[in-house]
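A.B. asks: Have a look; sequence and predicted model below, questions after that.
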Amino acid sequence: TPVFWLMLLGFNLSGLAITGIVVHELSYLTELGYLPRVAALVVSVHAFSGICGRFVWGYLVDRWPVRYCLTTTYLGAAFATVLLIHADVTWIAFLFAVIYGLNIGGSDLLNDSVWSNYYGRAFLGSIRGVVLPFQVISRAAGPVMSGLLYDYTGSYTTSLVIFVGTFAMGGLLFIVLKPPSAKSIRETG
């Protein structure tokens, strides 16, 4: 269905940013002048917040429509990335780490949840088998793109601005994607 392909697009846009930030976050912070141990602590806070985010989004997805959760997650990650761009003060870097981790921590959980909510659990294996290669490619492309842009511009700012845009587009895409009708699923299945 068209919803299927638009969901895949939303996940790919966001996946590009997720790994692009994770891979280059430490280098970016040290480039800003942070001591390596402080930059590593920011990354650790990001990782710990990501663990907490799984619990938060697991709780919320049982109470809110999954598309609202995905929109909130990716717009929250876009906001956190804006903070990272302006993380010239230590507390902003840590605020980025907490907000980013909490939002991205639930992305895989919400990914599985939306597919099963929209198309049913019986098809989850088939769907994940089709979409996972696309998602792996986009997640692999994010760090490469960010690295190439760094080599070209001498800064991570350009790629971070692009990632704000891809997160925002992915998030806004999910807000409009309502579950497909049973009829449209039968017609395409």
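C.D. replies: Good, I have the coordinates.
A.B. asks: alpha carbons only for contacts and neighbour counts from here, please
C.D. replies: Will do.
A.B. asks: what's around the closest residue in space to Asp88 that isn't next to it in sequence, how many residues?
C.D. replies: Leaving aside its chain neighbours, Asp88 sits nearest to Leu32 (6.6 Å; criterion: CA to CA, 6 or more residues apart in numbering). Counted with other CA atoms under 10 Å, the neighbours of Leu32 add up to 16.
A.B. asks: Leu32 touches Val89, doesn't it?
C.D. replies: No. The criterion here is CA atoms under 8 Å, and Leu32 misses it with Val89 at 9.5 Å.
A.B. asks: Please name the residues that touch Gly142.
C.D. replies: By CA atoms under 8 Å, 6 or more residues apart in numbering, the contact set of Gly142 is Gly15, Leu16, Ala17, Ile18, Thr19, Gly20, Ile21.
A.B. asks: Helix or strand for it, just tell me which one.
C.D. replies: Counting by DSSP states H and E, the element that carries Gly142 is helix 124-153.
A.B. asks: Now do that helix: distance to the chain's middle.
C.D. replies: Here helix 124-153 shows a centroid-to-chain-centroid distance of 11 Å under the convention CA atoms, centre = their mean, to the nearest Å.
A.B. asks: Would you map the helices across the protein?
C.D. replies: Along the chain, counting by DSSP state H, helices occupy 2-31, 36-61, 66-85, 90-104, 107-119, 124-153, 157-176, 182-188.
A.B. asks: quick one on the thing from earlier: out of the contacts of Gly142, which one sits closest to Val164?
C.D. replies: Ala17 (7.8 Å; CA to CA).
A.B. asks: how many neighbours does that closest one have?
C.D. replies: 30.
A.B. asks: Over to Gly76?
C.D. replies: 22.
A.B. asks: can you tell me how far it sits from Ile51?
C.D. replies: From Gly76 across to Ile51, the span is 16 Å (CA to CA, to the nearest Å).
A.B. asks: Pull the residues that contact stretch 90-104.
C.D. replies: So stretch 90-104 is contacted by 18, 42-43, 45-54, 56, 72-74, 76-77, 80-81, 83-84, 86-87 (CA under 8 Å, 6+ apart).
A.B. asks: Over to stretch 123-140?
C.D. replies: Taking CA under 8 Å, 6+ apart as the rule, stretch 123-140 contacts 8, 11-13, 15-20, 112, 115-116.
A.B. asks: And for stretch 163-175?
C.D. replies: With CA under 8 Å, 6+ apart, stretch 163-175 has contacts from 6-7, 9-14, 16-17, 20, 67-68, 70-75, 77-79, 81-82.
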